[in-house]
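> quick one: sequence and predicted model below, then my questions.
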Amino acid sequence: MSDKVIIFDTTLRDGEQSPGASMTKDEKVRIARQLERLKVDVIEAGFAASSEGDFQAISAVAAAVKDSIVCSLARANDKDITRAADALKAANAKRIHAFLATSPLHMAVKLRMSPEEVLEQAKRAIRFARNLAEDVEFSAEDGYRSEMDFLCRVVEGVINEGATTINIPDTVGYATPELYGEFIKTLRTRVPNSDKAVWSVHCHNDLGMAVANSLAGVKIGGARQIECTINGLGERAGNTALEEIVMALRTRKDYFDMVCGIDATQIVPASKLVSQITGFVVQPNKAVVGANAFAHTSGIHQDGILKNRDTYEIMRAEDVGWATNKIVLGKLSGRNAFKQRLQELGIAIEAEADLNDAFVRFKTLADQKSEIFDEDIIAIMSDSAAAEEGEFYKFISISQHSETGERPKSKVTFRAGEKELSSEAEGNGPVDASLNAIEGIVKSGAEQLLYSVNAITSGTQSQGEVTVRLAKGGRIVNGVGTDPDIIAASAKAYLSALNKLHDPSQAKLNAQMTP
Ligand code: KIV
Ligand code: ZN
């Protein structure tokens, strides 16, 4: 029988460490629910000691998730580990993940500790964590650049103290596949109690080899857990991409002879959700989840595909959840047809009121746009979920005038709590004028870090999806708005970002600002 590879998703922790990818508590819960639908084995929900906001977010994920193990990162000290255990109290199954750097450079420069001190602290931390959880992972940060003899002593020591998973990160993305695979293999051979723990790989993508290194860690090294993120989100060049790992294991089962428990049809919905919430657009030629990943335009390829799909396709678009841009619904579609399509897309609606709200949004969109695609429905449902998170500012309408040679003007009407406000302004372009109109009255003083527009489907009929990233008081938030009119989508996105800055319950410092 093939061995199982544990899929450990760290989108909500290491992924969130990408500058600007900060997520609110509710956004983390939405992504965690999708990760559960994807059937990931472990969800690393955050770093409990990094901020009160992240502690609350982990607690909320722990309460919401039923099937996956929920994990919190912690530095290898009693205070962080206690915080992690407290945040995970509501979890059905929990894991504490303690880390400590073991490379000569990190120990000397960052920790200012001797190797003997690091060894003792690692052992003490795992002993302490095991009093609070059965499932304890130890990560040797910068493990791949550590000295083999010393790393073997640390790993042996923490396994003796009860660590159940040993993770060897390539923290700076320096490894190459064969060398990393051999490194893990040597460790497993030399550590006398290596069979008492599951071995895990965690690779960063600085040289574009994170996926290859992780797979080599499994194939050559014998690791049985891969740490990864949706869309490869993560600090600098990112982490190992979950979708690429899963599809490589599946498509090349003949070579890897491994299985994982992932429901691949949930990959594309997960990718879209993460991209929408973080504002990190997926490049069109990205493997598996890029818009062009299954597109065939050259005549020779199209001809081959028509004769036999295997000529140019090694995976099926539908197997990873691509809805193939089908026109699914229109103006005349009823509530039942809408509900059925939601079910087919795997979107769960719990309350009747939420279905009604989503159906009203669908009807409004169908009045503006004759063809409704699956992507439009996913966007409607994301808007509904965001609305549930409580909106103080709510878009009502926009009127805008642009003419060559004149400064564009915009008038935006929106709700702020109980009040209806209207504001007019000019700007360098129509979007600038609209955001100036809102800012002129809200006076948030937030710094704009990003503005991006993306077409949800193809063609000029498509809805535009706009992301606005704002920074204020050490917080970074993303607002997303969708509308067939990209100026209206921009105003909605700006208001959505202001809602997050306005809502203190969503306050969360960026993971990068961990004290
Ligand atoms: O890259 C890394 O070393 C990490 C550890 C904290 C697991 O993310
Ligand atoms: Zn990492």
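Here it is on my side, so go on. What you are looking at is a predicted structure, and each value in this text was computed from that prediction instead of being measured. Numbering: from 1, shown residues only. Ligands and ions are numbered 1, 2, ... in the order given.
> what mean pLDDT does stretch 185-203 get?
Here stretch 185-203 scores 98 as its mean pLDDT.
> chain center to it, what's the gap?
The chain centroid and the centroid of stretch 185-203 are separated by 28 Å, computed with Cα atoms, centre = their mean, to the nearest Å.
> what's the answer for stretch 461-470, then?
Between the centre of stretch 461-470 and the centre of its chain there are 18 Å (Cα atoms, centre = their mean).
> next: stretch 479-492.
22 Å.
> buried residues of it, list them for me.
Under the neighbour-count criterion of 16 or more other Cβ atoms under 10 Å, stretch 479-492 has 479-484, 486-492 buried. C-beta coordinates here come from the backbone N, C-alpha and C atoms, glycine included.
> so which of these is the closest to ligand 1?
Checking those against ligand 1 by Cβ to the nearest ligand atom gives residue 480 as the nearest, at 26.8 Å.
> can I get the buried residues of stretch 479-492 in TSV with secondary structure, pLDDT and distance to residue 443?
Below are these laid out as TSV (DSSP: H, G, I helix; E, B strand; the rest coil; pLDDT from 0 to 100; distance: Cβ to Cβ, whole Å):
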residue	secondary structure	pLDDT	distance to residue 443
479	strand	91	17
480	strand	89	22
481	strand	92	20
482	strand	91	26
483	strand	93	25
484	coil	92	30
486	helix	96	25
487	helix	97	21
488	helix	97	22
489	helix	96	23
490	helix	97	19
491	helix	97	16
492	helix	95	19
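> show me the two of those residues that sit farthest apart.
Using Cβ to Cβ, those span at most 18.4 Å, a distance reached by 479 and 484.
> reformat the buried residues of stretch 479-492 as TSV; add distance to ligand 1.
As requested, the buried residues of stretch 479-492 are exported to TSV (distance: Cβ to the nearest ligand atom, whole Å):
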residue	distance to ligand 1
479	28
480	27
481	32
482	33
483	38
484	41
486	37
487	40
488	40
489	35
490	35
491	37
492	35
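> hang on, residue 6 packs against residue 224?
Yes. Between residue 6 and residue 224 there is a contact under Cβ atoms under 8 Å: 6.2 Å.
> give me the common contacts of these two.
Taking Cβ atoms under 8 Å, 6 or more residues apart in numbering as the criterion, residue 6 and residue 224 both touch 198, 200.
> what does stretch 73-86 rub up against?
So stretch 73-86 is contacted by 13, 44, 46-49, 55, 58, 72, 94, 96-100, 121-122, 124-126, 128-129, 132-133, 138 (Cβ under 8 Å, 6+ apart).
> hey, C-alpha coordinates of it in PDB?
Output of stretch 73-86 as PDB, limited to C-alpha atoms (Å, rounded to 0.1, in the frame of the first residue of the first chain):
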ATOM      1  CA  LEU A  73       3.300  28.400  16.000                       C
ATOM      2  CA  ALA A  74       5.200  29.300  19.100                       C
ATOM      3  CA  ARG A  75       8.800  30.300  19.900                       C
ATOM      4  CA  ALA A  76      10.500  27.600  22.000                       C
ATOM      5  CA  ASN A  77       9.700  29.300  25.400                       C
ATOM      6  CA  ASP A  78       7.000  28.600  28.100                       C
ATOM      7  CA  LYS A  79       5.200  31.900  27.500                       C
ATOM      8  CA  ASP A  80       4.700  31.400  23.800                       C
ATOM      9  CA  ILE A  81       3.800  27.800  24.200                       C
ATOM     10  CA  THR A  82       1.200  28.500  26.900                       C
ATOM     11  CA  ARG A  83      -0.300  31.200  24.600                       C
ATOM     12  CA  ALA A  84      -0.500  28.700  21.700                       C
ATOM     13  CA  ALA A  85      -2.200  26.100  24.000                       C
ATOM     14  CA  ASP A  86      -4.700  28.600  25.200                       C
END
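> wait, residue 175 touches residue 184, no?
No. The pair residue 175 / residue 184 is not scored as a contact, 9.9 Å apart, by Cβ under 8 Å.
> who's more crowded, the two?
Neighbours per residue (other Cβ atoms under 10 Å) separate residue 175 from residue 184, with residue 175 holding more: 30 against 25.
> name the helix or strand for residue 70, please.
strand 69-75 (DSSP states H and E).
> which positions within the helix or strand following that strand qualify as buried?
Next helix or strand after strand 69-75 toward the C-terminus (DSSP H and E): helix 78-87. For helix 78-87, burial by neighbour count (16+ other Cβ under 10 Å) applies to 80-85, 87.
> check stretch 125-139 too.
Buried residues in stretch 125-139, counted by 16+ other Cβ under 10 Å: 125-130, 132-133, 135-139.
> same check, this time on stretch 228-235
Buried residues in stretch 228-235, counted by 16+ other Cβ under 10 Å: 228-235.
> what of stretch 46-59?
Residues of stretch 46-59 classed as buried: 46-51, 53-59 (neighbour count, 16+ other Cβ under 10 Å).
> what about it, average pLDDT?
Here stretch 46-59 scores 96 as its mean pLDDT.
> just the C-alphas of that stretch, formatted as CSV.
The C-alpha trace of stretch 46-59 is given here as CSV (Å, rounded to 0.1, in the frame of the first residue of the first chain):
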residue,chain,number,x,y,z
GLY,A,46,-1.3,31.6,13.1
PHE,A,47,1.2,32.5,15.8
ALA,A,48,-0.7,33.0,19.0
ALA,A,49,1.9,35.1,20.9
SER,A,50,2.5,37.5,18.0
SER,A,51,-0.6,39.7,18.8
GLU,A,52,-3.9,39.6,20.6
GLY,A,53,-5.6,39.7,17.2
ASP,A,54,-3.8,36.6,16.0
PHE,A,55,-4.6,34.8,19.3
GLN,A,56,-8.3,35.6,18.7
ALA,A,57,-8.1,34.5,15.1
ILE,A,58,-6.5,31.1,16.1
SER,A,59,-9.2,30.6,18.8
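> next one: residue 195 relative to ligand 1, how far apart?
Taken as Cβ to the nearest ligand atom, to the nearest Å, the spacing of residue 195 relative to ligand 1 amounts to 22 Å.
> counting neighbours, what do you get for that residue?
Counted with other Cβ under 10 Å, residue 195 comes out at 9.
> ditto for the one 3 residues further on
Neighbour count for residue 198, taken as other Cβ under 10 Å: 15.
> so what's it up against?
Contact partners of residue 198, counting by Cβ under 8 Å, 6+ apart, are 6, 164-166, 224-225.
> find the nearest non-adjacent residue to the closest residue to ligand 1 within the stretch 301-450 of the chain, please.
With Cβ to the nearest ligand atom, the shortest gap between the stretch 301-450 of the chain and ligand 1 falls at residue 449, namely 23.6 Å. Leaving aside its sequence neighbours, residue 449 sits nearest to residue 469 (Cβ to Cβ, 6 or more residues apart in numbering; 4.2 Å).
> can you check the pLDDT for the one you found?
pLDDT recorded at residue 469 is 93.
> give me the element it is part of.
Using DSSP H and E, residue 469 falls in strand 464-472.
> and residue 227, which of the three is it?
Taken by DSSP: H, G, I helix; E, B strand; the rest coil, the conformation at residue 227 corresponds to strand.
> if we can go back for a sec, how far away from the center of its chain is the strand holding residue 70?
16 Å.
> now stretch 177-196
Going by Cα atoms, centre = their mean, where stretch 177-196 is centred and where its chain is centred differ by 30 Å.
> alpha carbons only: can I get that stretch in PDB?
What follows is stretch 177-196, C-alpha atoms only, in PDB (Å, rounded to 0.1, in the frame of the first residue of the first chain):
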ATOM      1  CA  PRO A 177      16.400  19.000  -4.600                       C
ATOM      2  CA  GLU A 178      18.900  16.300  -4.400                       C
ATOM      3  CA  LEU A 179      21.000  17.900  -1.700                       C
ATOM      4  CA  TYR A 180      17.900  18.600   0.500                       C
ATOM      5  CA  GLY A 181      16.600  15.100   0.000                       C
ATOM      6  CA  GLU A 182      20.000  13.600   1.000                       C
ATOM      7  CA  PHE A 183      20.100  16.000   4.000                       C
ATOM      8  CA  ILE A 184      16.800  14.600   5.300                       C
ATOM      9  CA  LYS A 185      17.900  11.100   4.600                       C
ATOM     10  CA  THR A 186      21.200  11.500   6.400                       C
ATOM     11  CA  LEU A 187      19.400  12.900   9.400                       C
ATOM     12  CA  ARG A 188      16.900  10.100   9.500                       C
ATOM     13  CA  THR A 189      19.600   7.500   9.300                       C
ATOM     14  CA  ARG A 190      21.800   9.100  11.900                       C
ATOM     15  CA  VAL A 191      19.300  10.100  14.600                       C
ATOM     16  CA  PRO A 192      18.900   6.900  16.600                       C
ATOM     17  CA  ASN A 193      15.200   7.500  17.600                       C
ATOM     18  CA  SER A 194      14.200   8.900  14.200                       C
ATOM     19  CA  ASP A 195      11.400   6.300  13.800                       C
ATOM     20  CA  LYS A 196       9.500   7.800  16.800                       C
END
